[in-house]
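**Q** The amino acid sequence is not available; the structure is as follows:
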Ligand code: NAD
């Protein structure tokens with residue numbers, strides 16, 4: 001089965017970083033992009049200034065850690081279009097570096113609520129809608145931290161490892177509905193998220209990266225546009241990791 005041409009996309013986490021660059025790339029392909037973020041002002045900024053001259057879109061607030069908030073977001077998008085062709089889910093938190101013996105219950109549960117529960121709620125809503133139309137694509141964002149250990153980020157790494165398996169399992173579940181699911185596991189990319197890393201960490205990462213640089217968010221936007229294109233129709237259940245050779 002082939003997918004239908006993508007006309008509409010929802011980018012959750014589109015107020016910053018790779019969600020914003022994905023929005024720009026999709027907008028340039030003529031796709032109507034709904035941009036949702038906890039920071040609704042940032043989502044509005046993406047729609048106003050990063051969608052390109054031809055781009056069409058609208059901004060929404062969402063807190064992905066809350067099922068009711070994700071439900072309300074999908075309801076609002078359903079009121080605007082009859083079909084959702086693509087979900088791109090980049091929203092996540094990094095949290096501060098903390099080793100297991102000092103990690104509180106609250107830190108652990110917050111990380112899981114934002115990084116993992118949020119993926120589940122959005123996948124569930126997307127599949128319920130996309131199966132009505134027998135077409136759709138889902139792109140979830142995990143991390144290179146899902147592929148190699150990152151000490152001091154046990155909760156983040158565990159949440160991202162689970163996202164990989166969620167994406168792979170979902171791909172098998174929903175192939176019968178003509179829905180493709182893939183996961184992007186970026187290496188270190190120059191976005192505001194890196195501001196949360198300890199001093200000097202970026203230099204250390206660059207030294208450890210065979211290509212000796214951080215990634216550019218536009219490179220990730222281009223990957224999302226590819227995964228949304230007909231040329232990527234045979235991809236499903238894959239974890240793609242643009243990481244400069246950090247993990248080989
Ligand atoms: P970013 O911090 O620039 O953007 C993340 C966005 O998610 C922000 O706009 C933020 O407001 C939003 N968000 C956070 N919590 C939310 C919530 N509860 N509800 C709704 N929105 C929420 O991050 P980024 O660098 O663009 O990261 C995108 C994805 O890539 C994330 O899943 C991240 O874990 C992953 N990643 C990033 C890097 C990197 O080097 N930047 C590396 C590996 C993986």
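**A** Alright, I've got the coordinates. Keep in mind that what you see is a predicted model, and the values were worked out from it rather than measured. Numbers count the residues shown, from 1 in each chain.

**Q** What parts of the protein come near the ligand?
**A** Within the chain, the residues that sit near the ligand (C-beta under 6 Å from any ligand atom) are 13, 15-19, 37-39, 42, 62-65, 90-93, 114, 141, 143-144, 186, 188-189, 191-194. C-beta here means a position set from N, CA and C on the backbone, and glycine is covered the same way.

**Q** Please repeat the previous calculation with a cut-off of 5 Å.
**A** Selection of the chain residues close to the ligand by C-beta under 5 Å from any ligand atom yields 13, 15-18, 37-39, 63-65, 90-92, 114, 141, 143, 186, 188-189, 191-193.

**Q** separation between the closest residue to residue 31 other than its chain neighbours and the ligand?
**A** Leaving aside its sequence neighbours, residue 31 sits nearest to residue 9 (C-beta to C-beta, 6 or more residues apart in numbering; 5.1 Å). From residue 9 across to the ligand, the span is 16 Å (C-beta to the nearest ligand atom, to the nearest Å).

**Q** Return the residues in contact with residue 9.
**A** Taking C-beta atoms under 8 Å, 6 or more residues apart in numbering, we find residue 9 in contact with 26, 31-34, 84-88, 228.

**Q** Restricted to strands, list those.
**A** Mapping those onto strands (DSSP state E) picks out 32-34, 86-88.

**Q** Determine the number of other residues adjacent to the closest residue to the ligand within the chain.
**A** With C-beta to the nearest ligand atom as the measure, residue 17 is the residue of the chain nearest to the ligand, at 2.1 Å. Residue neighbour count, defined by other C-beta atoms under 10 Å, stands at 22 for residue 17.

**Q** right, and it touches residue 216 too?
**A** No. Using C-beta atoms under 8 Å, residue 17 is not in contact with residue 216, being 11.1 Å away.

**Q** Quickly list what's touching both of the two.
**A** The contact lists of residue 17 and residue 216 share residue 189, where a contact means C-beta under 8 Å, 6+ apart.

**Q** Pull out the buried residues from the longest helix seen in the chain.
**A** What stands out as the longest helix in the chain, according to DSSP state H, is helix 154-174. By neighbour count on 16 or more other C-beta atoms under 10 Å, the buried set for helix 154-174 is 154-164, 166-168, 170-171, 174.

**Q** For residue 172, see how far away the residue nearest to the spatial centre of the chain is.
**A** When the chain is reduced to its mean C-alpha position, the nearest residue by C-alpha atoms, centre = their mean turns out to be residue 90, at 2.3 Å. Using C-beta to C-beta, to the nearest Å, one obtains 23 Å as the distance from residue 90 to residue 172.

**Q** hmm, back to that, which residue packs closest to the residue of the chain closest to the ligand, ignoring adjacent ones?
**A** Closest residue in space to residue 17, ignoring its immediate chain neighbours: residue 191 at 3.1 Å, by C-beta to C-beta, 6+ apart.

**Q** so who does the one you found touch?
**A** Residue 191 touches 16-18, 217, counting by C-beta under 8 Å, 6+ apart.

**Q** Contacts for stretch 176-184, please.
**A** 1, 3, 123, 127, 130-131, 134-142, 163-164, 167-168, 170-171, 174, 220, 223-224, 227, 232-233, 235-242.

**Q** where does the nearest residue to residue 96 once chain neighbours are set aside land on pLDDT?
**A** Distance criterion C-beta to C-beta, 6+ apart; nearest residue to residue 96, sequence neighbours excluded, is residue 196 at 7.0 Å. According to the prediction, residue 196 has pLDDT 80.

**Q** and what of the one 3 residues further on?
**A** Model confidence at residue 199, given as pLDDT, is 85.

**Q** now do residue 2
**A** The model's pLDDT for residue 2 equals 75.

**Q** do the same with the one 10 residues further on
**A** Here, the pLDDT recorded for residue 12 equals 99.
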